[in-house]
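>>> could you work out the structure for the sequence below:
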Amino acid sequence: MKPFGLKEALERFDDMPDSDGARTRFLKILALKAHRLCGGKVRLLPSVAQMNPEWLGVWYTPGVSSISTAIRDQEGESLELTMRGSTVAVISDSTRVLGDGDCTPPGGMGVMEGKALLMAWLGGLNAVPLCVNTRNQRGESDPGKLVEFVLAASPSFGAVNLEDISQPNCYRVLDELRRRSPIPVWHDDAQGTACVMLAGLLNALEVTGRTLSESRVVFLGAGAACSASARLLIEAGVQPGMISMFDGIGALVPGRADFQGEGFAWHRELCAITNPQGFSSIGEALGGADVLLAASAPGLVRREWISGMNPKPIVFACANPVPEIYPRIALEAGAAVVATGRSDLPNQVNNCLGFPGILKGVLLSGAKAITEGMAVAAAKAIAAEGRKGEFNPMNIMPEVNAPEVHASVAAEVAVQAWKEGLTPGPVNRDAVYRKTIESIRTVRDAHRAMVEAAVALEVPQVMVEEAFSEALAGP
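Residues are numbered from 1 along each chain as shown. As a prediction, the model looks like this:
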């Protein structure tokens with residue numbers, strides 16, 4: 001067999017039986033091999049050139065004493081005198097890791113490392129992955145402990161990215177930290193997914209000739225991603241009465257007993273303001289609907305549901321790593337635009353289009369918080385970048401690797417933060433854009449040098465071929 005790399009391996013699955021399942025098995029097998037080879041995928045390295053004994057007296061004692069006292073006298077100085085001003089903490093209790101559920105406290109490190117990697121590569125940020133054990137004696141994660149940990153760690157970071165926390169704890173932790181944290185806090189599973197979902201929807205509506213205010217939207221799932229997306233869509237212009245939402249129990253309607261506890265205030269509001277038609281099943285609600293936004297579990301969407309939607313329906317199947325319905329099947333059922341969270345399928349609606357630029361804009365502007373208005377500004381920036389170049393139903397999202405995308409998001413978020421009175425002073429959009437581009441290029445230049453010096457390990461081609469063979473052998 002002729003040697004082949006990762007791109008060729010992915011393409012070979014296209015014409016195979018069970019191509020979707022085999023491709024997923026392949027990526028999981030290769031991930032295990034590659035991570036084991038590299039021992040993870042991020043590391044901390046010096047950012048200063050001079051490292052001789054004389055300069056150690058500047059970087060450490062006695063010279064560094066002046067850094068400590070300067071920050072003691074004026075805490076804001078820490079954002080310029082240390083890495084804090086460009087560093088994000090990626091924090092999780094690992095209770096809801098991707099589609100795998102509770103993976104134990106250290107089980108989330110692979111995802112948190114991945115987040116840190118993307119923040120560096122796409123946003124020019126420093127990011128530190130932190131998986132925190134907040135379990136009580138019954139093995140349950142205590143949201144109060146997670147809140148206190150974030151507050152205790154906040155002097156070391158410029159912002160916090162929360163990740164992979166089960167509901168309702170994810171809402172309780174975010175709400176509490178928004179009230180108490182001295183630095184901005186972002187919950188990427190909720191706010192991040194909502195931002196990119198809105199960006200993709202704006203462009204899907206554009207190519208199908210619809211508007212936000214006139215589109216009927218059905219959500220499958222009522223977790224952090226869908227509930228936050230509903231909030232952001234309403235903020236952007238979708239009418240609450242044009243939304244209906246369903247989860248494993250059924251429709252979100254007034255009186256749902258499972259939403260009466262702490263952390264479910266927004267769910268209770270959604271029960272009150274959506275689904276005035278009284279749809280009792282998702283199949284019924286999808287009849288004549290324009291949009292299906294799903295972030296639930298693999299394989300839940302039926303072909304006939306899509307066939308019963310309005311002409312040229314929009315389907316976002318964002319369960320990760322396996323979507324609710326694969327694009328090939330949805331398109332055969334009549335969908336005009338299909339998106340997933342997968343990088344190997346068209347129209348990837350993935351948070352990595354949003355959070356690097358959002359957090360970069362927050363840090364560069366000195367914003368005190370991250371609001372829905374800033375998330376909407378980010379979504380509009382992503383959508384605008386997606387309409388540049390080739391723009392069609394199979395290509396509604398921008399290229400995730402393009403520095404210009406993340407620089408545009410950072411700039412628009414920074415300006416919106418200033419408009420909302422959240423920054424210490426005026427924001428220069430062009431300066432934020434330029435600084436973001438420069439920092440992304442710096443990271444990529446440093447990475448190139450590490451590859452050339454064999455400091456960053458290259459996964460050998462034979463490992464790709466081995467993973468390919470193992471995937472073809474079946475589960």
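
>>> shaky segments in this structure?
1-3, 99 (pLDDT under 70).

>>> show me the domain layout of it.
Following automatic domain parsing, one finds the domains of the chain at 53-183, 192-427.

>>> gap between the residue positioned nearest the centre of the chain and residue 390?
A centroid search over the chain (CA atoms, centre = their mean) returns residue 351, at 2.7 Å, as the residue closest to the centre. Residue 351 is 23 Å from residue 390, where distance means CB to CB, to the nearest Å. Placement of C-beta: from N, CA and C, glycine included.

>>> for the stretch 1-150 of the chain, which segments count as helices?
6-12, 19-38, 53-59, 65-73, 78-81, 109-123, 143-153 (DSSP state H, counting those that start in this stretch).

>>> likewise for the stretch 301-450 of the chain?
303-307, 327-332, 355-365, 372-386, 403-419, 429-452.

>>> what are the phi and psi values for the residue lying closest to residue 310 once chain neighbours are set aside?
Excluding the flanking residues, the one nearest residue 310 by CB to CB, 6 or more residues apart in numbering is residue 290, at 5.1 Å. Dihedral angles of residue 290 (phi, psi; degrees, to the nearest 10) stand at phi -100, psi -30.

>>> okay, now residue 290: neighbour count?
By the criterion of other CB atoms under 10 Å, residue 290 has 21 neighbours.

>>> test my guess that it contacts residue 212.
No. The pair residue 290 / residue 212 is not scored as a contact, 10.4 Å apart, by CB atoms under 8 Å.

>>> tell me the contacts of the closest residue to residue 114 other than its chain neighbours?
Leaving aside its chain neighbours, residue 114 sits nearest to residue 41 (6.9 Å; criterion: CB to CB, 6+ apart). Residue 41 makes contact with 35, 113, 114, 117, according to CB atoms under 8 Å, 6 or more residues apart in numbering.

>>> now list the buried members of those.
Applying 16 or more other CB atoms under 10 Å to the contacts of residue 41, the neighbour count classes 113, 114, 117 as buried.

>>> check the gap between the last one and residue 271 for me.
Counting by CB to CB, the gap from residue 117 to residue 271 is 38 Å.

>>> what residues does the host helix or strand of residue 292 touch?
In this structure, residue 292 sits in strand 291-294 according to DSSP states H and E. Outside strand 291-294, the residues that touch it by CB under 8 Å, 6+ apart are 197, 201, 204-205, 215-221, 226, 229, 286, 300-301, 305-306, 309, 313-319, 323-325.

>>> and it, how far out from the chain middle?
Here strand 291-294 is found 18 Å from its chain centre; the criterion is CA atoms, centre = their mean, to the nearest Å.

>>> same question for stretch 8-25.
25 Å.

>>> can you map out the strands along the stretch 151-300 of the chain?
With DSSP state E, counting those that start in this stretch applied, the stretch 151-300 of the chain shows strands at 159-162, 185-187, 217-220, 243-246, 291-294, listed in chain order.

>>> once you drop chain neighbours, what's closest to residue 244?
Closest to residue 244 by CB to CB, 6+ apart is residue 275, at 4.0 Å.

>>> that neighbour against residue 285, yeah?
Yes. Counting by CB under 8 Å, residue 285 is a contact partner of residue 275 at 7.5 Å.

>>> list residues touching both of the two?
With CB under 8 Å, 6+ apart as the test, residue 275 and residue 285 both reach 244, 251.

>>> correct me, but residue 174 touches residue 185?
Yes. Here residue 174 reaches residue 185: they are 6.6 Å apart, a contact under CB under 8 Å.

>>> overlap of the contact sets of these two?
residue 162.

>>> check contacts around the residue nearest to residue 213 when sequence neighbours are not counted.
Counting by CB to CB, 6+ apart, residue 213 lies nearest to residue 237, which is 5.2 Å off, once chain neighbours are set aside. Taking CB under 8 Å, 6+ apart, we find residue 237 in contact with 211, 212, 213.

>>> residue 65: which of those residues is nearest?
residue 212 (55.8 Å; CB to CB).

>>> ok, now how distant is the closest one from residue 273?
16 Å.

>>> try residue 350
29 Å.

>>> residue 136 now?
35 Å.

>>> which one of those two is surrounded by more residues?
The neighbour comparison of residue 136 against residue 273 (other CB under 10 Å) goes to residue 273, with 16 against 10.

>>> wait, isn't that one in contact with residue 238?
No. Applying CB under 8 Å as the test, residue 273 and residue 238 come out as separate, 11.4 Å apart.

>>> who's in contact with residue 406?
Neighbours of residue 406 in contact, by CB under 8 Å, 6+ apart: 122, 123, 356, 357, 360, 436, 440.

>>> buried residues in stretch 312-328?
Using 16+ other CB under 10 Å as the test for burial, stretch 312-328 gives 312-327.
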